[in-house]
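K.L.:
need coordinates for the following:
(chains A and B)
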Amino acid sequence: MENQKLTFEDFINQLKENQGSYYFYVPNTKGNTSGAVAYIYDMVAVLREKGYNAYILHDKEYMTPMWMGNNYDKLPHTPFEKILVKPSDFLFLPEAWVQSFYADMRENNIKLPWEVVVISQVQDLIFYNLNAGIRWSQFGINTVITTSEVQKERIGRFMRNMNISVISPYIHDEFKPSEKPQNPKIFLFTRDKTRGEKIQKEFYLTYPQYSWIPFVVTSNMDRSEFASNLRECCLALWVDEISSFGTFPLECMKSGVPVIGKVPDMIPEWINAETDNGIWVTSYTTMIDYIAQYMDEWFVDSLDKNVYNIMAETAAKYSKENFVKATIETFENLLKNRIQKLEEIKANINE
Amino acid sequence: MNNTTLIIPIFEITKANKEYFVGCLESIKNQNDKNFKLAVVAPKFNKEIESLLKDVEYQKIVNDSDKTDFASQVNFAVSKIDTEYFSVVQFDDVIFPNHVENINRYVSAYPDMDCFVPLVYEVDSEDKPIGFSNETVWAAGNMEKFGYFDLAKAKEKAFYNFNVNCFTIKKSVFETIGKLKSSIIKFGDFEFLLRLLNFGKTVYVIPKMTYKHFNGISGSIHDMQKSMDEMEKKFWYNMSRKEYFFDYDREITYP
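P.N.:
Residues are numbered from 1 along each chain as shown, chains lettered A, B, ... in the order given. Predicted coordinates for the structure are as follows:
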């Protein structure tokens, strides 16, 4: 069969009928858990539910992460080698991979006609692979999706003239309060494992009366098991210096587990002076003392029960409903802008 | 619904222990959850005891038999109460305001559980903290399952910081396994714990600090234990490890 030659008009029409493809690049985490990966899978799932041709795009070597549940392994996955890129398509690249992606393209002398959008969830990772002085706009990228207004503002300071949309992650329904009373266990969630161990050791030595309280550390559990372990604990500790959104504390809040957290460099939008939804500290030593004070009160049931209501209210803002709404709004705008851009190019060609 | 009776066994109110009994009664009046019954068992209720109890509603149980030790008092009281569960509060100890609240909460959450004990806050006779009892059940790797006693581990002396005198138990289970034994004069609560487990009953530590135990008050069991020599201690300890197989009280005499 003779290949049909498509015109610019055809691609614009494809976009108008939303027939373009949306490729979300996901690095190979070898099956390990990653909040950043979950966010992308959540987005692809929502887009497919709403009729978008969204795909997980991956390298040749890729292990589909199974820990998220929700039949996410059934979402369409495709390797780079198998796709045929058209101007009506989109590529969504995690922030850490922008420079290396374009370096690969340049090395192989490839220029692809799709619209590239950066997904930036962790501001710290923006500079992970990016050469000094380089802005994304130099690769022709002018659209970014990020997870919070705080991060949007921060990115806008150095990646200028970008069109930045905010889609906050949602907290899954696996996270729910325990039906049984909680246990004297402390759930430890630290990006750096050794930091968590140091906190535990210092706590045991400083407060030997509590040196029997177990610290729960999980690795590579599926979401459901993770949530189940979390909701049993009476307290969670969160240390993630480079976090930009802070999904874990929100999972705790939805599970009814109070959090003592070290405030990260970028203060999450849900931490503020008016909302008493957790214990937010700025030093590790203070953290140790707060754990002991919290346990003192937990053992005799003298904690302010209203905290649990405030936690639930904070977490409720990050619902699936809100995530779907923000996703659809953002993608409708992306589509509209892309159509406008192609129409402008077409007009220039015709001139 | 009042599903639990708090039983206070009294032997004798003396000058030395009166203030503790007053403290105990205050702590009962201060419970957050009032859904409980109170029963006081004593060999006799003299004017002093009755005057101390004048502000509380309670079931008066007189055990004027020839056996008025702790075990006999509790056993006698249990035969007179009408609730599904009962909890023992020693007259010289104090319960925190969350004690009954937690009994009711955990009984409702774990209806199949046979017996509960709290984390006990141990203090000396001057109310200075000593530490916890029963907490090792919640320490990683110390029992088969977090929060539950298991027979093999409970038997190991290394974990002997248990205080199960302040148990909450189903009345039917208590009667089935042979109640408390008067003949085990020391370490009787340890024998009772092992017996419960040996008969396949479940014992769960409510991970809340609800019970303050005064150690070493003059005339108390702990005070007696303090004055025992090593031989005597060893005898009663070993005896408790032998007697738990029996669901009846065998006669034992220290040689």
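K.L.:
okay, now the unreliable bits of the stretch 51-200 of chain B?
P.N.:
The model of the stretch 51-200 of chain B has pLDDT under 70 over residues B:157-160.
K.L.:
give me phi/psi at the residue of it found nearest chain A?
P.N.:
Nearest residue of the stretch 51-200 of chain B to chain A: B:Ala139, at 3.7 Å (C-beta to the nearest C-beta). In this view, the C-beta of every residue, glycine as well, is placed from N, C-alpha and C. The phi/psi pair for B:Ala139 (degrees, to the nearest 10) reads phi -80, psi 140.
K.L.:
list the residues that contact it.
P.N.:
A:Trp212, A:Ile213, A:Pro214 (C-beta atoms under 8 Å, 6 or more residues apart in numbering or on different chains).
K.L.:
closest one of those residues to A:Lys346?
P.N.:
Nearest to A:Lys346 among those is A:Pro214, at 64.6 Å by C-beta to C-beta.
K.L.:
got the residues of the stretch 51-200 of chain B near chain A?
P.N.:
Residues of the stretch 51-200 of chain B lying near chain A by C-beta under 8 Å from any C-beta of the partner chain: B:96, B:98, B:101-102, B:105-106, B:109-110, B:119, B:129, B:131-132, B:135-136, B:138-140, B:142, B:146-147.
K.L.:
give me the neighbour count for residue 214.
P.N.:
Looking at chain A here, since you left the chain open. Here the number of neighbours of A:Pro214 (other C-beta atoms under 10 Å in any protein chain shown) works out to 19.
K.L.:
my bad, chain B
P.N.:
By other C-beta under 10 Å, 22 other residues sit near B:Phe214.
K.L.:
who in the stretch 51-200 of chain A is up against chain B?
P.N.:
A:Glu179, A:Lys180, A:Pro181, A:Asn183, A:Pro184, A:Lys185.
K.L.:
narrow the residues you listed to just the buried residues.
P.N.:
A:Pro181, A:Asn183, A:Pro184, A:Lys185 (16 or more other C-beta atoms under 10 Å in any protein chain shown).
K.L.:
my read: the first one touches B:Arg105, true?
P.N.:
Yes: the pair A:Pro181 / B:Arg105 is scored as a contact, 5.9 Å apart, by C-beta atoms under 8 Å.
K.L.:
for the stretch 1-150 of chain A, give the residue positioned nearest to chain B.
P.N.:
A:Thr33 (22.6 Å).
K.L.:
that residue and B:Val205: what is the separation?
P.N.:
Going from A:Thr33 to B:Val205 by C-beta to C-beta, to the nearest Å gives 32 Å.
K.L.:
kindly report the same for A:Pro268.
P.N.:
37 Å.
K.L.:
and these two? Which one has more around it.
P.N.:
Each of A:Pro268 and B:Val205 had its neighbours counted (other C-beta under 10 Å), and the higher figure belongs to B:Val205 (25 against 22).
K.L.:
remind me what the helix or strand where that one lies packs against, helices and strands.
P.N.:
Here B:Val205, judged by DSSP states H and E, is contained in strand B:203-214. With contacts taken as 3 or more C-beta pairs under 8 Å, 6 or more residues apart in numbering or on different chains; DSSP states H and E, strand B:203-214 sits against helix A:284-299, strand B:94-95, helix B:99-109, strand B:115-123, helix B:188-198.
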